[in-house]
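Participant: have a look at this fold, sequence not included:
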Ligand code: FES
């Protein structure tokens, strides 16, 4: 009898085990959808791998690169120093316009023949003119716009190349747009007997100054 009972029932898990399994299964189902509104299990936290940040890279300077950079820097430095030195030199020695002195010795009266002498035209801008009574120093500046006239011995006149003004040997204007005669400079005799011309003093014919002392050097040689 005991064998039948044993054979008639298939061996299975004990009842408590079945109940426990049912509860566990129900619990799993309940966890999946408890009452139709199952809560999802929280997703496992992702593991964030640290991102490598771009830090200072090690300088990869070769010996050749280093000396090349050094050479460029030296050239730049030398250029800058040269420019500074040049500027300083120009500051120390600025452009200076060397003009002839306003007063000069013009030799002895006996050095002059009758007529117009151009020996001081280029350097001092003066014509020395001698006539029967003496010597005077005539300005080479045209009274129109300041050009330098030419002495034309064949025509016995000064002729301005700019606008055609003409002057007699005395300096009196007679043709062209020149508004007045050429000016004369102060002329005297120095202690050594030489003529001294002083361009600081002008004499203008239209102002009646040609008769002033110093406007004419009386000489009869
Ligand atoms: S500047 Fe001499 S004529 Fe004009």
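Facilitator: That came in fine, so what should we check first? Computed from a predicted model, the values in this text were never measured in an experiment.

Participant: gap between the residue sitting nearest the centre point of the chain and the ligand?
Facilitator: Centroid check for the chain by CA atoms, centre = their mean gives residue 87 as the closest residue, at 11.8 Å. As judged by CB to the nearest ligand atom, to the nearest Å, residue 87 and the ligand stand 40 Å apart. For the C-beta atoms, the positions are set from N, CA and C on the backbone; glycine is no exception.

Participant: ok so that residue is a strand residue?
Facilitator: No: counting by DSSP: H, G, I helix; E, B strand; the rest coil, residue 87 falls outside a strand, being helix.

Participant: and it, what's its pLDDT?
Facilitator: For residue 87, the pLDDT comes out at 81.

Participant: for residue 16, same thing?
Facilitator: pLDDT, read off for residue 16, is 46.

Participant: quick one, what contacts residue 177?
Facilitator: 144, 163, 164, 165 (CB atoms under 8 Å, 6 or more residues apart in numbering).

Participant: mind redoing it with 6 Å?
Facilitator: 144, 163, 165 (CB atoms under 6 Å, 6 or more residues apart in numbering).

Participant: likewise for residue 185?
Facilitator: By CB under 6 Å, 6+ apart, the neighbours of residue 185 are 137, 197, 199.

Participant: rerun that using 7 Å as the cut-off
Facilitator: Residue 185 sits next to 126, 137, 139, 197, 198, 199, 201, 202 when contact means CB atoms under 7 Å, 6 or more residues apart in numbering.
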